[in-house]
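*Asks:* give me a 3D structure for the following:
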Amino acid sequence: MFDLLVQFLTNTGYYLADYRHIIMLVVGCTFLYLGTAKKYEPLLLVPIGFGILVGNIPFFKGFGLGIYEANSVLHYLYFGVTTGVYPSIVFLGLGAMTDFSSLLAQPKLMLLGAAAQMGIYFTLLGALFMGFLPREAASIAIIGGADGPTSIFLTAKLAPHLIGPIAIAAYSYMALIPVIQPPIMRLLTSREERLIRMPEPRDVSKKEKLIFPIAGVLLCCYLAPTALPLLGMLFFGNFIKECGVVNRLASTAQSAIIDTATILLGFTVGCSTQGDVFLTPKSLGIFFLGSIAFSIATASGVIFAKIMNLFLKQKINPLLGAAGVSAVPGSAREVHLMGLKEDPTNFLLMHGMACNSSGVIGSAICAGILWSFFI
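*Replies:* Model prediction:
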């Protein structure tokens, strides 16, 4: 009887746990705290945080329990991450939720979304300099686009062993937008620049809204065919929203489908952060490079807006450059809030969403280009 009791105790997670599991449990609880108490991107941090807790309950290998064990339930759920299925479904829902009117009304703001992608290419060089392999460096660099699903999609194709740390880094920096972006925006702009008022965007016709997703998928995917799984779904979702004849499909895409994919994506990514797999020197390097990538992306957008103002009669509020990263809608909201602090009557949200939606497209194109280079 005593031997059976000892055998039972040695099979428990309490006995099998080591310091790495404890560290990750603290990380998971921190994510849950930020998501619930601070309300920092709760739709992302709550599933990821709880997934981290589940993924760091130790067990004997071979029982078919862990996310990395073949034929386990978590392994099958994780299949949607490793194949890029969940990110593509998220893009479908994102397209069905997005109104591109503000972008169509002010096409020049699309350039800010493109400029913010510079963080990707600077980080690529930094990762190569730090000794990461080319495929790993490309996967890390995409964090600069501030788009979690895109980061996961590209990493699944190029460096699947890094999905956990890259996904956690990408979503962490997306959630920390209120902490990271404001100091950079204040540093790079004067009060006079932050007070610049944007003109009211023109009305966009129904025909323009219908043509845009068709033209977008053709132009973008002919340029970068490897971006098709993401941009094809994004523009398809937007078309079913705008065409007005399949409202049931659009409603499902922007609610049940994207919510289901977000839950499974966040939870399984969290589960993939097993302490013995996740806590490595490479993970620390990824978190460092991710912060650099996000900061450079924010700064690039702001600086490019200031450069554009040298040639424009109607000046652009350079704060909008920070919304060029594709963290929808967090960065646009942060730009709007900073504008309100300077002038309570200066509303920048819709202009920020134009840059934001452009950033989504831009980061997906960059992911496709990197995939084609390093495949």
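
*Asks:* could you point out the longest helix of the protein?
*Replies:* helix 281-309 (DSSP state H).

*Asks:* how far does it sit from its chain's centre?
*Replies:* Remark: helix 281-309 is offset 14 Å from the chain centroid, using CA atoms, centre = their mean, to the nearest Å.

*Asks:* please apply the same query to stretch 229-242.
*Replies:* Worked out by CA atoms, centre = their mean, stretch 229-242 lies 18 Å from the chain centre.

*Asks:* show me what it is in contact with.
*Replies:* 84, 87-89, 91-98, 100, 149-150, 153, 206, 209-210, 212-214, 216-217, 220-221, 246, 249-250, 253-254, 360-361, 364-365, 367-368 (CB atoms under 8 Å, 6 or more residues apart in numbering). In short, each C-beta sits where N, CA and C put it, glycine included.

*Asks:* pull out the buried residues from the longest helix of the chain.
*Replies:* Residues 282-283, 285-287, 289-306, 308-309 are the ones in helix 281-309 that count as buried (16 or more other CB atoms under 10 Å).

*Asks:* kindly report the same for stretch 48-63.
*Replies:* 48-53, 55-56, 58.

*Asks:* out of those residues, which sit inside strands?
*Replies:* Assigned to strands by DSSP state E, none of these qualify.

*Asks:* closest to Arg202 among those residues?
*Replies:* Ile48 (39.7 Å; CB to CB).

*Asks:* if I look at that closest one, what pLDDT would I see?
*Replies:* The model reports Ile48 with a pLDDT of 92.

*Asks:* dump the residue contacts of it.
*Replies:* Counted by CB under 8 Å, 6+ apart, Ile48 has contacts 31, 167-168, 171, 266-267, 269-270.

*Asks:* got it, and Ile163?
*Replies:* Taking CB under 8 Å, 6+ apart, one finds 81-82, 152, 155-156, 269, 272 in contact with Ile163.

*Asks:* who wins on neighbours among those?
*Replies:* Neighbours here mean other CB atoms under 10 Å. Within the contacts of Ile163, the largest count is held by Thr155, at 30 neighbours.

*Asks:* picking that back up, dump the contacts of Ile163 to JSON lines, plus pLDDT.
*Replies:* Supplementary listing: these in JSON lines, determined by pLDDT from 0 to 100:
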{"residue": "Val81", "pLDDT": "90"}
{"residue": "Thr82", "pLDDT": "88"}
{"residue": "Ile152", "pLDDT": "90"}
{"residue": "Thr155", "pLDDT": "91"}
{"residue": "Ala156", "pLDDT": "90"}
{"residue": "Val269", "pLDDT": "90"}
{"residue": "Ser272", "pLDDT": "88"}
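
*Asks:* what about the residue nearest to Gly330 when sequence neighbours are not counted, how many neighbours?
*Replies:* Closest residue in space to Gly330, ignoring its immediate chain neighbours: Ile177 at 4.4 Å, by CB to CB, 6 or more residues apart in numbering. Using other CB under 10 Å, Ile177 has 23 other residues around it.

*Asks:* got a list of what Ile177 touches?
*Replies:* Ile177 sits in contact with 146, 327, 330-331, 334, where contact means CB under 8 Å, 6+ apart.

*Asks:* so what pLDDT did it get?
*Replies:* The model's pLDDT for Ile177 equals 85.

*Asks:* ok, now the one 3 residues further on?
*Replies:* In the predicted model, Ile180 carries a pLDDT score of 87.

*Asks:* pretty sure it sits against Phe294.
*Replies:* Yes - in this structure Ile180 lies within contact range of Phe294 using CB atoms under 8 Å: 6.1 Å.

*Asks:* overlap in contacts, these two.
*Replies:* What both Ile180 and Phe294 touch, as defined by CB under 8 Å, 6+ apart, is the set Tyr173.

*Asks:* which residue ranges form the helices in the stretch 51-200 of the chain?
*Replies:* Using DSSP state H, counting those that start in this stretch, the helices assigned to the stretch 51-200 of the chain run over residues 73-82, 85-97, 101-105, 110-115, 118-129, 134-141, 148-158, 163-175, 177-188, 191-194.
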